[in-house]
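J.: When you get a sec, could you give me coordinates for this:
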Amino acid sequence: MPSSKQPEILLPGTPEQPSRLGSAAGIFTNQNLDRLAHILDDCFRIPGTPIRFGLDGIVGLVPAIGDVLAGLASCILIFAAWVRGVPYITLVRMLVNLALDVVIGAIPFLGDAFDIAWKANRRNYALLVRHIEQPTRHAWKDWFFLGILVLAIIAIFLVPLLVLAWMLDWFFHHL
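T.: This next block holds a predicted model:
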């Protein structure tokens, strides 16, 4: 009994990208995401300098809510990476880039300078493209980055506990 199912034919050089949303993923093309990263991070230039900044740096000037709004806009890149099938370890790295941008960016003046220099959206776009073009090339770097991050978080929580233990020990021995 012959099968009525025809084999799928893909054109050369157009590998099928995994997508978690099906046809809705069409809006998350490299061109659209590159444009978004450009608008958020480097669409303007300070005349006479090589310093570039985008809407992320401008909106970040609004106290309290500016960096949060810019961070929400930056989430589009991370969501697009998830839709396009980027591994979770890379998504975590992208989230850390964004978290640093939002948290440090919330510091008045110094944070705005950090926003302009850090360019989290450009970093996240580069991670997305690198994964899509060469899926396994950078996996060890992501795991190393995550390992360093976990060690830093452990140190952040452990150091105050050690200082507290030392203070209590000193207090009880000098009474």
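J.: for the least confident helix or strand in the chain by mean pLDDT, packing partners?
T.: Ranking every helix and strand in the chain by mean pLDDT, DSSP states H and E puts helix 139-173 at the bottom, with a mean of 82. Helix 139-173 is packed against helix 88-105, with contacts defined by 3 or more CB pairs under 8 Å, 6 or more residues apart in numbering; DSSP states H and E. In this view, the C-beta of every residue, glycine as well, is placed from N, C-alpha and C.
J.: And the next helix or strand past the helix it packs on?
T.: Where DSSP states H and E defines the elements, the next helix or strand beyond helix 88-105 is helix 110-118.
J.: contact partners of that following helix?
T.: Residues from elsewhere that reach helix 110-118, judged by CB atoms under 8 Å, 6 or more residues apart in numbering: 51-53, 56-57, 60-61, 67, 70, 97, 100-101, 104-105, 107.
J.: Recalculate using a threshold of 10 Å.
T.: Here helix 110-118 makes contact (CB atoms under 10 Å, 6 or more residues apart in numbering) with 40-42, 44, 46, 51-54, 56-61, 66-67, 70, 97-98, 100-107, 120.
J.: next one: stretch 92-101
T.: 40-41, 56, 60, 67, 70-72, 74-75, 77-78, 81-82, 86-87, 111, 114-115, 118-128, 131, 138, 141-143, 145-146, 149.
J.: Could you pull out the buried residues of it?
T.: 93-94, 96-98, 101 (16 or more other CB atoms under 10 Å).
J.: Out of those, the closest to Phe28 would be?
T.: Of all the buried residues of stretch 92-101, Phe28 sits closest to Met94, with 13.7 Å by CB to CB.
J.: While we're on that closest one, how confident is the model there?
T.: We note a pLDDT of 93 for Met94 in this prediction.
J.: give me the element the closest residue to it other than its chain neighbours is part of.
T.: Leaving out its chain neighbours, the residue that sits closest to Met94 by CB to CB, 6 or more residues apart in numbering is Asn124, at 4.5 Å. Using DSSP H and E, the element containing Asn124 is helix 120-133.
J.: and the direction of that helix versus that of helix 110-118, what angle?
T.: Counting by axes from the mean of the first three to the mean of the last three CA atoms, to 10 degrees, helix 120-133 points 30 degrees away from the direction of helix 110-118.
J.: now helix 120-133: mean pLDDT?
T.: Helix 120-133 comes out at a mean pLDDT of 92.
J.: Return the residues in contact with Asp142.
T.: 87-94, 127, 131.
J.: Arg52 now?
T.: Contacts of Arg52 (CB under 10 Å, 6+ apart): 38, 41-46, 116, 119, 122.
J.: Can you tell me which of those has the most neighbours?
T.: Asp41 (27 neighbours; other CB atoms under 10 Å).
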